[in-house]
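Peer 1: following is a predicted model, sequence given first.
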Amino acid sequence: MKLSIIIPAYNESGKIAKDIEFACRFFQKNNLQGEIIISDDGSTDSTADQADKAGRIFCGKISFLVIRNPQHRGKGFAVRQGIMKACGDYIMFADSGECVPFDNILRGLNMLTSGQYQIAHGSRNLAKENIKVDHNIYRHIFSELFHFFVVKMMKIPVELTDTQCGFKIYRGDIAHLLYEQSKTDGFMFDIEIIRCAIKQHCTIAEFPVDWSCDPDSRLSPAKHFWEILSELITIRRIT
């Protein structure tokens, strides 16, 4: 079995080396074969250079690649670029900053290797006791409203409690099938992928993750409200 870990990054020069170190430790600790792909979304800092340096230090025999996207186009674009380069039997993406420790991968991977599911989503809502540093009240309210909206208006199954958790694992062929069809470059790409997966009759389930809030999150509900709404309207129309 080979696992591909994609880490999308935009101006993460202060975090990316630790991400790579922790991902490499995960592979070594669990004696897994695989690859780590950093998809740099047109960063204006030294993210890509720091990633290259960390890869040489920590990865050893683990396959490692930095994709240097020349323009900042959005998280969805960065994830898509990484997944289309990946060649693992199982492919996942994880947000920079290790909000979810890499050991949590095993929970989702076991769901896929059993053959019962084709896609496994990490969820911050399945085990509240596993949340170490939580969102503020403003983000909680936005999250509840967002979930209501995507269930009612975007026809996302209600049992998918956390569509935006940046910790998702796919069977390799399913990842390629879905992401080569996707068009959303911004934060709402997860919704498009879920809608496409439902149309393809893919089996999806969630698993609980340990999680700490990253105060340096790139998504601001207030700042990106109209961008989010525009993307959701487009996704509803094209899918």
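Peer 2: Noted; the coordinates are in hand.
Peer 1: can you map out the strands along the chain?
Peer 2: 2-9, 33-41, 63-69, 90-94, 119-123, 131-133, 167-171, 204-208, 211-212 (DSSP state E).
Peer 1: lowest mean pLDDT across the ones you listed, which one is that?
Peer 2: Here the lowest mean pLDDT among those goes to strand 131-133, at a mean of 58.
Peer 1: quick check: which ranges of the chain have low pLDDT?
Peer 2: Flagging of the chain using pLDDT under 70 yields the residue ranges 128-140, 215-222.
Peer 1: tell me where the longest helix sits in it.
Peer 2: helix 137-152 (DSSP state H).
Peer 1: which elements pack onto that one?
Peer 2: Counting contacts by 3 or more CB pairs under 8 Å, 6 or more residues apart in numbering; DSSP states H and E, helix 137-152 packs against no other helix or strand. Where you see a C-beta, it was placed from the backbone N, CA and C, and this is true even at glycine.
Peer 1: pull the contacting residues for Asn125.
Peer 2: By CB atoms under 8 Å, 6 or more residues apart in numbering, Asn125 lies in contact with Thr161, Asp162.
Peer 1: next, it: phi, psi?
Peer 2: Taking degrees, to the nearest 10, you get phi -100, psi -10 for the backbone angles of Asn125.
Peer 1: distance of it from Ala51?
Peer 2: According to CB to CB, to the nearest Å, Asn125 and Ala51 sit 31 Å apart.
Peer 1: Cys196 and Glu180, how far apart?
Peer 2: Applying CB to CB, the value for Cys196 to Glu180 is 10 Å.
Peer 1: where do the helices sit along this structure?
Peer 2: For the chain, the helices defined by DSSP H cover 16-29, 47-58, 75-85, 105-113, 137-152, 172-179, 189-199, 225-238.
Peer 1: which helices and strands does the fourth one pack with?
Peer 2: In other words, helix 105-113. Applying 3+ CB pairs under 8 Å, 6+ apart, one finds that helix 105-113 contacts strand 2-9, strand 90-94, strand 119-123, strand 167-171, strand 204-208.
Peer 1: which one of those strands lies closest to Phe149?
Peer 2: Of all the helices and strands packed on helix 105-113, it is strand 119-123 that lies closest to Phe149, at 17.7 Å by CB to CB.
Peer 1: strand partners (parallel or antiparallel) of that closest one?
Peer 2: Here strand 119-123 has these sheet partners by DSSP bridges: strand 167-171 (antiparallel), strand 204-208 (parallel).
Peer 1: what's in contact with the last one?
Peer 2: Spelled out, that is strand 204-208. 104, 107-108, 111, 116-123, 126-127, 130, 157, 159-162, 194, 197-198.
Peer 1: before we move on, what about the first one?
Peer 2: Where contact means CB under 8 Å, 6+ apart, the residues beyond strand 167-171 that reach it are 83, 89-95, 99-100, 104-105, 108-109, 112, 118-122, 178, 190, 209.
Peer 1: out of those, which are buried?
Peer 2: 83, 90-95, 99-100, 104-105, 108-109, 112, 118-122, 178, 190, 209 (16 or more other CB atoms under 10 Å).
Peer 1: now, of the strands paired with strand 119-123, which is deepest in the fold?
Peer 2: Each of those was scored by mean neighbour count; the highest is strand 167-171, a mean of 25, by mean count of other CB atoms under 10 Å.
Peer 1: chain center to that strand, what's the gap?
Peer 2: 8 Å (CA atoms, centre = their mean, to the nearest Å).
Peer 1: now the angle from it to helix 172-179?
Peer 2: Interaxial angle, strand 167-171 versus helix 172-179 (axes from the mean of the first three to the mean of the last three CA atoms, to 10 degrees): 110 degrees.
Peer 1: quick check: angle from strand 167-171 to helix 75-85?
Peer 2: The directions of strand 167-171 and helix 75-85 differ by 30 degrees, with the same axes, to 10 degrees as the criterion.
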